[in-house]
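Chemist: below are the sequence and a predicted model; questions follow.
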2 protein chains.
Amino acid sequence: MQLRMTNQREIILKELRKSRQHLTADELYERVKKSMPRISLATVYRNLETLSAAGIITKLEISGRQKRFDWDVSQHDHIYCGQCNRVDNIDFDRELIGHSAIGSPIGYQVTGYRVEFVGICSSCKKKNEKTKEKNQER
Amino acid sequence: MQLRMTNQREIILKELRKSRQHLTADELYERVKKSMPRISLATVYRNLETLSAAGIITKLEISGRQKRFDWDVSQHDHIYCGQCNRVDNIDFDRELIGHSAIGSPIGYQVTGYRVEFVGICSSCKKKNEKTKEKNQER
DNA sequence: CTTAGTGCAAACTGTTTGCAGAGGG
DNA sequence: CCCTCTGCAAACAGTTTGCACTAAG
């Protein structure tokens, strides 16, 4: 099966890369629609699937309901905001987890692992402080 | 808001603990139905939510579509089979990941992290070997 | 030309919710 | 008795799919 570089595929890829973020399919759909109003959400889903299968982008397996897609194919870890679900990259020394660290995998053949950090992003932090102030006013 | 120990809640909890596994809501529903046929899936969902909010069980934030629930409340990490999505516990020295290991969290206040191992479970491994043999026969 | 890709609508999966009635404490 | 919990059905969110048509190579 060979890949064709269609117009929609090109725009999807361009928008994802331009965003420098970890977008969901529908976030990307909203952006792509601006330059290609008749594109369908299904096409966005299909292309994200195809592109990640081809290794051109990465599908993020992250806690939470929505899948996110990463224009950055190099291996790295993520942190997500427990409040707004925003995802960002995080520097983290993966070497720390050697295979020696793994105990009894009960018959599993371990093929990999993911480290996922949780936190509160700066904009939610600010939001919370404002809410707190408001509550104190009452 | 206080918790009532209803019949259905008790059975749900009992079945989850009895299973010694990391069940999804509908797997649990199937089991509970045997002793309480008129229970609804919504009740199972509601109770799993309530019980995990109360800290009596744990809701697993695991890659993949379905949520799973763990009768074991103590902190531990998991490994899941990339093929059948089965989830098991894994021994892993969490001390290895000190906060020192974390690089630039770009304004995040880090509250925690999850380590999730991926692999192929023993029964899928066997299944694969059999399939391979069959293919060689042809 | 051939066949991968598209838009649309409809299906599907996992989960949540509104409501009226049931039953724990 | 009160108020949380239940069963049911319907709604919901995110994603996938069948189909006839379009367009890339």
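Modeler: In hand now; what should we look at?
Chemist: count of neighbours near residue A:106?
Modeler: Using other Cβ atoms under 10 Å in any protein chain shown, residue A:106 has 13 other residues around it. Any C-beta I mention is one placed from the backbone N, CA and C, and that applies to glycine too.
Chemist: also residue A:77?
Modeler: Neighbours of residue A:77 (other Cβ under 10 Å): 17.
Chemist: list the contacts for it?
Modeler: A:89-90, A:92, A:94, A:114-117 (Cβ atoms under 8 Å, 6 or more residues apart in numbering or on different chains).
Chemist: switch to 10 Å and redo it
Modeler: Contact partners of residue A:77, counting by Cβ atoms under 10 Å, 6 or more residues apart in numbering or on different chains, are A:89-94, A:114-117, B:102-103, B:113.
Chemist: tell me which of those residues is nearest to DNA strand C?
Modeler: residue A:116 (17.7 Å; Cβ to the nearest atom of the strand).
Chemist: so the closest one sits against residue A:68, correct?
Modeler: No - contact criterion Cβ atoms under 10 Å: residue A:116 and residue A:68 do not qualify, at 11.9 Å.
Chemist: which residues do those two both contact?
Modeler: A:60-62, A:78, A:80, A:87.
Chemist: state the pLDDT value of the residue nearest to residue A:76 when sequence neighbours are not counted.
Modeler: For residue A:76, the nearest residue in space outside its immediate sequence neighbours is residue A:89; the separation is 5.4 Å by Cβ to Cβ, 6 or more residues apart in numbering or on different chains. With respect to pLDDT, residue A:89 scores 92.
Chemist: quick one on the thing from earlier: make a markdown table out of the contacts of residue A:77 and add secondary structure.
Modeler: Output for these, formatted as a markdown table (DSSP: H, G, I helix; E, B strand; the rest coil):
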| residue | secondary structure |
| --- | --- |
| A:89 | strand |
| A:90 | strand |
| A:91 | coil |
| A:92 | strand |
| A:93 | coil |
| A:94 | helix |
| A:114 | strand |
| A:115 | strand |
| A:116 | strand |
| A:117 | strand |
| B:102 | strand |
| B:103 | coil |
| B:113 | strand |
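Chemist: can I assume residue A:112 sits in a helix?
Modeler: No - read with three-state DSSP, residue A:112 is strand and lies in no helix.
Chemist: bridge partners for it, pull those for me.
Modeler: Following DSSP bridges, residue A:112 is listed with bridge partners residue B:118.
Chemist: check contacts around it.
Modeler: A:75, B:82, B:116-119.
Chemist: restricted to buried residues, select these in ChimeraX.
Modeler: Here is the ChimeraX command that selects only those of these that count as buried (16 or more other Cβ atoms under 10 Å in any protein chain shown):
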select /B:82,116,117,118,119
